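In: Here is my input; please provide its structure:
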Amino acid sequence: MEALTASTTHLLSTLHKLTDNSFFNSLPPSLPVTPCVLAQKNTSQIPLPDSLYFTIFFLFGGSLYILLLLPFTLHQKRWIAAPLTLGLLLAPLIFTATNSPALQLIHVAACGCVLMRMIDLYYVRPWRTGKEPTMNLEDWWTEVWQPFRKVPMSKNQIQRYELEQQQSRLRRELEQQRSSGPVGPANRNNGDTKAESNELLNHASKNNDQESAPTASSSRSSSSSSTKGKPAKQSYMPLTDPNPQHWSVYLPRWLFYAVLMDIIPFGVSFLTFEQIESFSLIPRLLFNTAVGSMVIFDISLANYTIMIIWATVTGDLIRDTEWTMVRHYFPGFATSSAEFWRQWHHLFKYIWVDLGFKPVHHILSKYVTPKVSNRKLAKAAEMVLPVMGVFLMSGLMHEYMMVAMWHGRPGYMTAFFLLQGAGTIVSKALNNTVGQKITVPPMILIALTWAFNLSTASLFMEPVFKNQGYNMIANQSILIRVYNLLRSYGVF
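Out: Prediction:
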């Protein structure tokens with residue numbers, strides 16, 4: 001009886017504490033505690049209404065895209081594109097949104113991506129390939145959709161695209177097998193592996209004859225012209241998503257990301273920069289994880305939103321081979337830095353590859369490595385430097401975003417992405433050497449990847465922390481709006 005009385009007394013005491021107004025009085029009157037800082041408060045940027053601010057992007061970026069369709073010469077297009085490219089570069093640095101940090105971030109990111117793409121199409125690619133930046137309507141439409149849909153094409157075009165991708169992969173595997181010597185158990189049956197690979201290619205050619213006459217014809221004509229010692233241009237015909245889904249199938253994933261994108265901003269909006277700076281190691285790592293996850297979930301939510309809207313408007317089914325992010329695994333489960341970036345959002349990867357990897361590789365292969373007597377050093381340079389070029393382009397674009405948003409001191413983003421590039425190269429090299437001899441449990445590799453990413457995240461987070469950038473999308477959070485509404489009416 002005494003135990004029951006004591007438990008009842010304790011329960012009543014707990015309820016009394018929960019209903020005590022002192023707890024609610026300790027809560028902040030509104031969220032976020034420290035709203036995201038806009039650059040206009042600290043600089044001479046000209047504030048514009050949100051609608052007019054975003055119109056600038058369509059004015060310069062849209063004009064550059066339309067210029068691709070016009071029948072001008074390369075010289076004329078370059079002269080016309082120059083002031084438009086300069087305007088796209090300077091617009092986010094001169095103007096700012098009135099009161100919407102999220103819109104400003106979208107605008108700056110869009111300007112940065114289109115800017116890099118236009119520099120490549122009008123100035124870098126003609127120098128590298130000798131082709132003029134001319135497009136027809138079909139190529140232009142593909143270009144516009146490319147960040148979100150890998151192949152906005154017909155079924156036959158999708159099949160041809162996937163054939164090319166599979167063919168390239170098989171060629172790389174054959175080249176690696178032929179260039180590697182019998183140095184260990186992995187290469188002990190190298191001759192058998194070559195025979196199996198060639199047999200796979202020949203078998204694939206037969207499948208192509210049965211399933212796709214135009215593609216098979218192309219493969220036969222290519223294989224007849226193949227030179228000695230090189231694989232025939234025959235490839236496996238992959239299935240083209242035989243079971244496309246209605247958009248409602250992907251709605252649970254959209255809801256999952258939407259809920260997380262409401263809960264995380266609500267939690268971090270209670271924190272100030274000073275509190276975050278005073279965190280010990282574990283709370284700081286947890287906060288970095290939360291903000292990093294918020295970036296991943298936000299990009300995923302945007303991609304699924306666009307995909308569902310497209311399917312709803314067109315009435316077409318969703319083929320996961322077409323969409324950029326649907327088939328990729330969550331990067332948080334990556335077992336190395338190289339795998340992490342392979343699984344990353346892929347929205348603008350082609351921009352950085354075209355402007356970072358390909359030009360660097362072109363310069364090295366044409367002007368540098370042929371003059372280097374040490375072939376191993378030359379081959380290593382052709383593998384390493386183009387990859388670092390990709391991460392340099394990504395770092396410069398993020399640097400541009402941070403400067404346009406807050407006019408902070410540059411350098412943090414570039415340093416972060418160059419470190420990540422070095423980590424990617426090292427992890428890939430370790431996987432191709434030590435990883436072939438030693439088996440490490442995936443959980444340990446995932447933990448090591450997280451440790452590397454979080455240890456370098458302070459560089460990425462520095463300008464975001466100082467300007468409360470983690471509260472950038474707080475106005476879109478339903479929980480924050482409900483909290484502020486209830487507090488304003490004195491409910492608690």
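In: chain center to stretch 378-390, what's the gap?
Out: Between the centre of stretch 378-390 and the centre of its chain there are 21 Å (Cα atoms, centre = their mean, to the nearest Å).
In: what do you get for stretch 289-304?
Out: 10 Å.
In: per-residue confidence for the nearest residue to His361 once chain neighbours are set aside?
Out: Of all residues beyond its chain neighbours, the one nearest His361 is Pro386 (4.3 Å), with distances taken as Cβ to Cβ, 6 or more residues apart in numbering. Just so you know, the C-beta spots here come from the backbone N, C-alpha and C atoms, and that holds for glycine as well. Note for Pro386: predicted pLDDT of 95.
In: What's the separation between Pro386 and Ile363?
Out: Computed as Cβ to Cβ, to the nearest Å, the Pro386 to Ile363 distance reads 9 Å.
In: So for the two, which residue has more residues nearby?
Out: Pro386 (20 against 15; other Cβ atoms under 10 Å).
In: re the thing from before, for the strand or helix carrying the residue nearest to His361, name the packing helices and strands.
Out: According to DSSP states H and E, Pro386 maps onto helix 375-406. Here helix 375-406 touches helix 74-94, helix 101-119, helix 349-352, helix 358-363, helix 412-432, helix 442-466, going by 3 or more Cβ pairs under 8 Å, 6 or more residues apart in numbering; DSSP states H and E.
In: Now with 7 Å, please.
Out: Counting contacts by 3 or more Cβ pairs under 7 Å, 6 or more residues apart in numbering; DSSP states H and E, helix 375-406 is packed against helix 101-119, helix 349-352, helix 358-363, helix 412-432.
In: can you tell which of those helices is closest to Val259?
Out: helix 101-119 (18.2 Å; Cβ to Cβ).
In: so for the closest one, what's the average pLDDT?
Out: 89.
In: Same question for stretch 302-312.
Out: Computed over stretch 302-312, the mean pLDDT rounds to 90.
In: go on, stretch 403-412?
Out: 86.
In: Same check on stretch 471-487?
Out: 89.
In: repeat for stretch 139-147
Out: 80.
In: what residues does that stretch touch?
Out: Residues outside stretch 139-147 that contact it (Cβ atoms under 7 Å, 6 or more residues apart in numbering) are 65, 68-69, 135, 152, 324, 347-348, 350.
In: What is the burial count for the nearest residue to Thr449 once chain neighbours are set aside?
Out: By the measure of Cβ to Cβ, 6+ apart, the closest residue to Thr449 outside its immediate chain neighbours is Ala334, 5.5 Å from it. Neighbours of Ala334 under the rule other Cβ under 10 Å: 22.
In: helix, strand or coil for Thr34?
Out: coil (DSSP: H, G, I helix; E, B strand; the rest coil).
In: dump the residue contacts of it.
Out: Shown in contact with Thr34 (Cβ under 7 Å, 6+ apart): 272-273, 468, 471.
In: any idea how far Pro265 is from Arg487?
Out: 17 Å.
In: Can you show me the strands along the stretch 251-400 of the chain?
Out: Under the criterion DSSP state E, counting those that start in this stretch, strands are not mapped anywhere in the stretch 251-400 of the chain.
In: remind me which residues of it are low pLDDT?
Out: For the stretch 251-400 of the chain, the stretches with pLDDT under 70 are 327-329.
In: rerun that using 80 as the cut-off
Out: Residues of the stretch 251-400 of the chain meeting the criterion pLDDT under 80: 320-322, 324-330, 332, 345-347.
In: quick one: the helices in it?
Out: Under the criterion DSSP state H, counting those that start in this stretch, the stretch 251-400 of the chain carries helices at the ranges 251-268, 273-277, 281-314, 337-342, 349-352, 358-363, 375-406.
In: Including distance to Cys36, could those go into a markdown table?
Out: Listed next are those as a markdown table, based on distance: least, Cβ to Cβ, whole Å:
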| stretch | distance to Cys36 |
| --- | --- |
| helix 251-268 | 11 |
| helix 273-277 | 11 |
| helix 281-314 | 13 |
| helix 337-342 | 27 |
| helix 349-352 | 26 |
| helix 358-363 | 36 |
| helix 375-406 | 9 |
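In: do you know which of those helices lies nearest Val426?
Out: When those are compared by Cβ to Cβ, helix 337-342 sits nearest Val426, at 7.7 Å.
In: Measure how buried Leu31 is and give me the count.
Out: Going by other Cβ under 10 Å, the residues that sit close to Leu31 add up to 22.
In: Surely it is in contact with Val482?
Out: No. Counting by Cβ atoms under 7 Å, Leu31 stays clear of Val482, with 10.1 Å between them.
In: what about Ile351, how many residues close to it?
Out: 23.
In: Give me the distance between it and Ala110.
Out: Ile351 sits 12 Å away from Ala110, going by Cβ to Cβ.
In: Over to Arg481?
Out: 26 Å.
In: again with Trp450
Out: Taking Cβ to Cβ, one finds Trp450 at 30 Å from Ala110.
In: ok, now Pro265?
Out: As defined by Cβ to Cβ, Pro265 lies at a distance of 22 Å from Ala110.
In: Which one's more surrounded, these two?
Out: Taking other Cβ under 10 Å, Pro265 and Ala110 do not tie; Pro265 has more neighbours (26 against 17).
In: who are the neighbours in contact with the more buried one?
Out: So Pro265 contacts 294, 473-474, 477, 480 (Cβ under 7 Å, 6+ apart).
In: if we go to 6 Å?
Out: Neighbour list for Pro265: 473-474, 477 [criterion: Cβ atoms under 6 Å, 6 or more residues apart in numbering].
In: Turn the residues you listed into TSV, columns for distance to Arg409, neighbour count and secondary structure.
Out: Below are the contacts of Pro265 laid out as TSV (distance: Cβ to Cβ, whole Å; neighbours: other Cβ atoms under 10 Å; DSSP: H, G, I helix; E, B strand; the rest coil):
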residue	distance to Arg409	neighbour count	secondary structure
Ile473	24	20	coil
Ala474	25	23	helix
Ser477	30	22	coil
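In: the strands in the stretch 101-250 of the chain, which residues?
Out: Counting by DSSP E, counting those that start in this stretch, the stretch 101-250 of the chain contains no strands.
In: Find the residue ranges of it scoring beneath the pLDDT cut-off.
Out: Using pLDDT under 80, the flagged stretches of the stretch 101-250 of the chain are 135, 138-139, 142, 146, 149-169, 172, 175-243.
In: if we go to 90?
Out: 101-107, 110, 129-245 (pLDDT under 90).
In: Pull up the gap between the residue nearest to Thr449 and Pro442, please.
Out: 10 Å.
In: quick revisit: now the contacts of stretch 139-147: which count as buried?
Out: Among the contacts of stretch 139-147, those classed as buried by 16 or more other Cβ atoms under 10 Å are 65, 68, 135, 152, 324, 347-348, 350.
In: Can you tell me the closest non-neighbouring residue to Phe452?
Out: Gly423 (5.6 Å).
In: And Leu347, by the same measure?
Out: Pro147 is the one closest to Leu347 (Cβ to Cβ, 6+ apart), at 4.6 Å.
In: Just give me the neighbour total for the one you found.
Out: Every residue meeting other Cβ under 10 Å relative to Pro147 is counted, giving 20.
In: With Tyr304 instead?
Out: The tally of other residues near Tyr304 (other Cβ under 10 Å) stands at 22.
In: Apart from its neighbours in sequence, what residue is nearest it?
Out: In space, Tyr304 is closest to Trp254, 4.5 Å off (Cβ to Cβ, 6+ apart).
In: And Arg253, by the same measure?
Out: Distances taken as Cβ to Cβ, 6+ apart put Tyr304 closest to Arg253, at 6.0 Å, once the chain neighbours are dropped.
In: Can you tell me how far that neighbour is from Tyr250?
Out: On the measure of Cβ to Cβ, Tyr304 and Tyr250 end up 6 Å apart.
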